[in-house]
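*Asks:* Kindly generate the corresponding structure for this input.
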Amino acid sequence: MLVKTYGSAVFGVDALTITIEVSIGGGNKYHIVGLPDNAIKESLRRIESAIQSAGLKMPRQKIVINLAPADIRKEGSAYDLPIAIAILAASGQIESLETAEYFIMGELSLDGGLQPIKGALPIAIQAKAAKFKGFILPKDNSREAAIVSGLMVYGMSNLAEVVAFFNGGEKPEQVLVNSNEVFLQQPGTYEYDFADVKGQENIKRALEIAAAGGHNLILIGPPGAGKTMLAKRLPTILPPLSLQEALETTKIHSVAGKLNALDALMTERPYRCPHHTISDMALVGGGAHPQPGEISLAHNGVLFLDELPEFKRSVLEVMRQPLEDRNIVISRARLSVAYPASFMLIASMNPCPCGFYNHPEKECICGPGMVQKYLSKVSGPLLDRIDLHVEVTPVHFNELSSPVIAEKSITIRQRVIAARTIQAIRFQDRTELHCNAQMSPNMVRKICSINKQGQELIKKAMERLGLSARAYDRILKVARTIADLAESTDIEPEHLAEAIHYRSLDRDNWAS
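*Replies:* Below you'll find the predicted structure:
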């Protein structure tokens, strides 16, 4: 007897339908075809034990299992459950024809329990697009799948529950999640706050501009000046995710298996802080079985690279294309997958190996040429893609001991949200754009026009600092953000001057 059940395979952040065909006939061997990986080839041992633990019988006949389309490689253990249900249906232990109306996914334990899977959200989206009645999956993944409206989602704990579901037993309650309610329940409190930071008002201003326009930023200063402390507080002033951004971010973390059972939708912007020993593949994604890297996990959020020159050169160079295109394509001989990577890059570094170059009080002990050699670990093209270069100086004792309470994050965040609202209106016809940093060069010419006085100002800056054409575009984008914060329709010379000031640490000028 031939029976079909349906599951899904995830490629990138999207899914496609996989048909699981099971035929039972004469003989006594088990065969799995359709380009399965080792985890799927081993599944029959788990399935046999799970079926017996559920009080059912594993057929002692020839079983042929085909995963179609047969030319696409299938990976992972999530096909255990649809294969088990198809075997039970083909052997007459499940009589219902409804097995073909549901997506079924889940990894089986030897005792029949269901283990969580990766990519439940994109699979649920595909199930709805393919007009399936519902989606049966492990209970731990049910909330993220239930975000998809118009699809019946059932979270199951073990194989026996799934068999009872199809044999007309008591059906579990359908998992329902109101995406709008979950989205509106965004927590408003953070562990960190800018009110904790004494002094450093110019750095706070730079971070406010970066948050308002989604710009990349690098902090250069001596040890203990507060670079990491300031970077950790950046998420507290970022605007809340839109519903579309929340769904995009949740899909990526679902594919990577980073969501826990209580998460239905990610409502906070991600903040990723990988160690400098990270490999290039871990940063951008890939591997034998491609997975999202740190830059994709930071999509719609912040990627913080502390001690930037300590990262391997090859790791930093692979970020150049994603910083421009805001996506990463992983190409292999058999397949090519794309992951979104629209993130804010925040980096920090010491100015030299000893850390005290340009320090107002301590003397740098680095030898001749050491400063330039240390900075050269970060390539010019990568530095050129960073919009704001900010020099961090140590906080004076008088500021540290001052009883004056600094401005709170929530106050700064309100100004950032106001600026982002202006940008949302500006880009209302371009749903893929969310902030000024995402503008194309063509849009920069239209939106960031400047008067004659501004043209003269930026011309002198480019001649003195030796800035590139890319730096010219980025100065205009930052100036547009500064104007938005000031609620100004036009980019005034003072906005442009402040934006140029944030390029003053450009390497050719700064370390000479």
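
*Asks:* where does this structure have low pLDDT?
*Replies:* In the predicted model of the chain, residues 184-189, 261, 504-512 satisfy pLDDT under 70.

*Asks:* Which of the three states applies to residue 15?
*Replies:* Secondary structure for residue 15, judged by DSSP: H, G, I helix; E, B strand; the rest coil, is strand.

*Asks:* And the one 3 residues further on, by the same measure?
*Replies:* The three-state label for residue 18, taken from three-state DSSP, comes out as strand.

*Asks:* Residue 193 versus that one, what's the distance?
*Replies:* In this view, residue 18 and residue 193 are 48 Å apart by C-beta to C-beta, to the nearest Å. C-beta: built from backbone N, CA, C; applies to glycine.

*Asks:* and these two? which has more neighbours close in?
*Replies:* A count of neighbours by other C-beta atoms under 10 Å puts residue 18 above the other of residue 18 and residue 193, at 23 against 17.

*Asks:* Need the residue closest to the centroid of this structure.
*Replies:* Nearest residue to the geometric centre of the chain (C-alpha atoms, centre = their mean): residue 297, 2.6 Å.

*Asks:* Wait, that one touches residue 250, no?
*Replies:* No. The pair residue 297 and residue 250 does not pass the contact test of C-beta atoms under 8 Å, sitting 11.6 Å apart.

*Asks:* Tell me the bridge partners for residue 3.
*Replies:* residue 22 (DSSP bridges).

*Asks:* how's this protein carved up into domains?
*Replies:* The record's domain parsing of the chain by automatic domain parsing lists 2-177, 194-427.

*Asks:* And stretch 392-400, end to end?
*Replies:* Stretch 392-400 has an end-to-end distance of 15 Å (criterion: C-alpha to C-alpha, to the nearest Å).

*Asks:* try stretch 197-205
*Replies:* 13 Å.

*Asks:* can you give me the strands in the stretch 351-500 of the chain?
*Replies:* Assigned strands in the stretch 351-500 of the chain, in chain order: 388-391 (criterion: DSSP state E, counting those that start in this stretch).

*Asks:* any idea how far stretch 242-253 is from the chain center?
*Replies:* Centroid separation between stretch 242-253 and its chain, computed with C-alpha atoms, centre = their mean, to the nearest Å, is 8 Å.

*Asks:* again, but for stretch 358-375
*Replies:* Averaging C-alpha positions (C-alpha atoms, centre = their mean) puts stretch 358-375 36 Å from its chain's average.

*Asks:* Count the residues that sit near residue 82.
*Replies:* Applying other C-beta under 10 Å, I find that residue 82 has 28 neighbouring residues.

*Asks:* Am I right that it is in contact with residue 8?
*Replies:* No. With contact defined as C-beta under 8 Å, residue 82 does not reach residue 8; the gap is 9.4 Å.

*Asks:* so what's in contact with those two at the same time?
*Replies:* Shared contacts of residue 82 and residue 8, defined by C-beta atoms under 8 Å, 6 or more residues apart in numbering, comprise residue 105.

*Asks:* Correct me if wrong, but residue 275 is in a strand.
*Replies:* No. Per three-state DSSP, residue 275 lies outside any strand segment and is coil.

*Asks:* Now do the SS call for residue 124.
*Replies:* Judged by three-state DSSP, the three-state class of residue 124 is helix.

*Asks:* For it, which residues are in contact?
*Replies:* Applying C-beta under 8 Å, 6+ apart, one finds that residue 124 lies in contact with 103, 135, 144-148, 151, 153.

*Asks:* Export those residues to CSV and append columns for distance to residue 230 and neighbour count.
*Replies:* Supplementary listing: the contacts of residue 124 in CSV, determined by distance: C-beta to C-beta, whole Å; neighbours: other C-beta atoms under 10 Å:
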residue, distance to residue 230, neighbour count
103, 46, 27
135, 44, 29
144, 33, 31
145, 38, 31
146, 39, 26
147, 34, 25
148, 39, 22
151, 43, 21
153, 42, 25
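
*Asks:* Which of these fall within strands?
*Replies:* Secondary structure from DSSP state E places 103, 135, 153 of the contacts of residue 124 in strands.

*Asks:* Who does the second one form a beta bridge with?
*Replies:* When bridges are taken as DSSP bridges, the partners of residue 135 come out as residue 103, residue 153.

*Asks:* Which residues are in contact with it?
*Replies:* So residue 135 contacts 102-105, 123-124, 127, 145, 151-154 (C-beta under 8 Å, 6+ apart).

*Asks:* Let's see that with 10 Å instead.
*Replies:* 6-8, 102-105, 120, 123-124, 126-128, 141-142, 145-146, 148, 151-155, 175 (C-beta atoms under 10 Å, 6 or more residues apart in numbering).

*Asks:* and if you look at residue 65?
*Replies:* Applying C-beta under 10 Å, 6+ apart to residue 65 gives the contacts 20-24, 30-34, 36, 40, 43-44, 47, 79, 82-83, 86-87, 90.

*Asks:* before we move on, what SS does the closest residue to it other than its chain neighbours have?
*Replies:* Spatial nearest neighbour of residue 65, chain neighbours left out: residue 32 (4.6 Å); criterion: C-beta to C-beta, 6 or more residues apart in numbering. What three-state DSSP gives for residue 32 is strand.

*Asks:* Could you report the neighbour count for residue 32?
*Replies:* Summarising burial for residue 32: neighbours were counted as other C-beta under 10 Å, giving 21.

*Asks:* How about residue 168?
*Replies:* Neighbour count of residue 168, defined by other C-beta under 10 Å: 10.

*Asks:* Setting aside sequence neighbours, what's the nearest residue to it?
*Replies:* residue 96 (7.1 Å).

*Asks:* From residue 105, how far out is that neighbour?
*Replies:* 18 Å.

*Asks:* what sits against residue 210?
*Replies:* Listed by C-beta under 10 Å, 6+ apart, the contact set of residue 210 reads 216-217, 234, 237-238, 302, 344-346, 387-388, 390, 416, 437, 478, 481, 502.

*Asks:* Give me the nearest residue to residue 255, chain neighbours excluded.
*Replies:* Nearest non-adjacent residue to residue 255, counting by C-beta to C-beta, 6+ apart: residue 119, 4.6 Å away.

*Asks:* Give the full set of residues in contact with the one you found.
*Replies:* 8-11, 13-15, 76, 78, 105, 125-126, 141, 144-145, 251-252, 254-257.

*Asks:* Where helices are concerned, which of those residues count?
*Replies:* Judged by DSSP state H, the subset of the contacts of residue 119 located in helices is 125-126, 144-145, 251-252, 254-255.

*Asks:* what's the neighbour count on residue 152?
*Replies:* Using other C-beta under 10 Å: residue 152 sits among 16 other residues.

*Asks:* Tell me the spacing between it and residue 171.
*Replies:* 10 Å.

*Asks:* ditto for residue 309
*Replies:* Taking C-beta to C-beta, one finds residue 309 at 59 Å from residue 171.

*Asks:* same question, residue 242
*Replies:* Look at residue 242 and residue 171: by C-beta to C-beta, they are 36 Å apart.

*Asks:* Which one's more surrounded, those two?
*Replies:* With neighbours defined as other C-beta under 10 Å, residue 242 and residue 171 compare such that residue 242 has more, 15 against 11.

*Asks:* Could I get the phi/psi values of that one?
*Replies:* With angles defined as degrees, to the nearest 10, residue 242 sits at phi -80, psi 170.

*Asks:* Count the neighbours of residue 292 for me.
*Replies:* By the criterion of other C-beta under 10 Å, residue 292 has 26 neighbours.

*Asks:* Ok, residue 453 next?
*Replies:* Residues near residue 453, counting by other C-beta under 10 Å, number 10.

*Asks:* and the spatially closest residue to it that is not a sequence neighbour, what does it touch?
*Replies:* The shortest distance from residue 453 to any non-neighbouring residue, by C-beta to C-beta, 6+ apart, is to residue 493 (5.1 Å). Residue 493 makes contacts with 450-451, 453-458, 479, as judged by C-beta under 10 Å, 6+ apart.

*Asks:* Fine by me, thanks again.
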